[in-house]
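In: With the input below, show me the fold.
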Amino acid sequence: MSPAPNDPLSPASPPTDETGAADATGADATGADATGAADETGPAEVIEPIDPIVQEIEVVPPVVVLGGQSVKVEFQVYLTEPAAVRAGLLGPDGQATDLALQPRDDSDGAAADSVWSGARVFQPDALTGRWRLVIELGGNQVEQEFQVRRDWLRAPVRITTNLSSGGIDLGEAIEVTGTVEREVKHVWEPFGHQIVSLNYLTDVRGESYSLGQVDTGADGRFSALVEPIASGLLWAELELTAQPGPGTRSVAAHITVNDPDIGGDRAYYRSRTFRWPGDGWLRHTVEIEVGPEGSAARRKATGRIAVYHSKGKTKPRPGDPGTYAPIRNSQDGKGGDTGGGRYSVQTRRPGRGFYWRIVYYDTANRRRNASSWMKDPT
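Out: Numbering: from 1, shown residues only. Got it, this is the predicted structure:
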């Protein structure tokens, strides 16, 4: 395989099924005839083959910590049906390298299997930041991210942030900009292609959570829109070492979040489903109505939605807003309705078995009540 300079695999056509119907478990509702019985008086019925999809990708360890020794990272790719796959690694700087995958059982020389595995040895001087394993299957590409860090700081670092505002109304966003630098031979220079977490601590309950992550560019700069749901402190943290070190956290800045009276209208979430077509994007569908609490008079929603997921496979506790998941092909990370109060959006899936919830925003961009947490069964 000869990858292009900035693509570990050949370009793949984007999926054409953007909404895809799903049954109650998130499974694909389409499929071939289940019987395939032959008609004795005519030709046998042809059963259409089921296209394989990527069911799961494992990276072990999920966070690679580099020290004085090299670290072996193992990759497992699980398909729903035997097929041939191609793989590559995309580094934090966008450089691509091949990755050889082997079928689970290649004793008979089979070129297709449902389980593929490979490995890569990371040397102590490997780039830190966000790496991507890219799998190509049937013209689609699926990515799995993993992080590479150091065991301890090799050079002094510093991180600074600026906020576009110190106060917002609930439902509005604040832009966070900043720079990450490291000291090389007594000179501060940009530290590019690093991961920055934007963390938050609420004033009233004292609960901390993540507002998301952003990568620095080659110039060490980063920018992100965040949407805190209560007044509190925001700080940026450089995800460079196994444990936070000197200079890896910015000075915390306070944000005041006002909760204006938006009336008694509530959002009612119906018919939520998940679908995983194996192209790297999780499909969410939901129908939303809005109306006064306790009243049967409701109307179809026409605003936008935001999507959040749990930090792991445990259902979030009350008060935990979850981790923001930007919606695909959206400028502000939210998604609009497709008509009649129905919403169908796509987000990245951090893993199987996570919990998800949806937050509705009306046409004036005012945040309403969130849906309940629902586990992704795909």
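
In: for the stretch 101-250 of the chain, which spans come out with low pLDDT?
Out: Applying pLDDT under 70 to the stretch 101-250 of the chain flags residues 105-111.

In: how about the strands of it, start to end?
Out: 102-103, 113-122, 129-137, 140-150, 157-163, 167-169, 174-184, 187-190, 195-202, 208-215, 221-226, 232-238 (DSSP state E, counting those that start in this stretch).

In: Could you list the buried residues of the fourth one?
Out: The reference is to strand 140-150. In terms of neighbour count (16 or more other Cβ atoms under 10 Å), strand 140-150 has its buried residues at Asn140, Gln141, Val142, Gln144, Glu145, Phe146, Gln147, Val148, Arg149, Arg150. C-betas here are computed from N, CA, C, even on glycine.

In: quick check: angle from it to strand 208-215?
Out: 110 degrees (axes from the mean of the first three to the mean of the last three Cα atoms, to 10 degrees).

In: hang on, the earlier thing: Throw the strands of the stretch 101-250 of the chain into a markdown table and include distance to Arg349, thanks.
Out: Formatted as a markdown table, these follow (distance: least, Cβ to Cβ, whole Å):
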| stretch | distance to Arg349 |
| --- | --- |
| strand 102-103 | 25 |
| strand 113-122 | 19 |
| strand 129-137 | 14 |
| strand 140-150 | 10 |
| strand 157-163 | 29 |
| strand 167-169 | 29 |
| strand 174-184 | 25 |
| strand 187-190 | 32 |
| strand 195-202 | 19 |
| strand 208-215 | 15 |
| strand 221-226 | 20 |
| strand 232-238 | 24 |
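
In: between those strands, which gets nearest to Ile358?
Out: Nearest to Ile358 among these is strand 208-215 (16.7 Å), distances taken as Cβ to Cβ.

In: Asp113 versus Asp279, what's the distance?
Out: 20 Å (Cβ to Cβ, to the nearest Å).

In: same question, Leu137
Out: Applying Cβ to Cβ, the value for Leu137 to Asp113 is 12 Å.

In: With Pro103 instead?
Out: Distance, Pro103 to Asp113, by Cβ to Cβ: 3 Å.

In: swap in Ser310?
Out: Ser310 sits at a distance of 32 Å from Asp113 (criterion: Cβ to Cβ).

In: just Gly129 next, same as before
Out: Gly129 is 31 Å from Asp113, by Cβ to Cβ.
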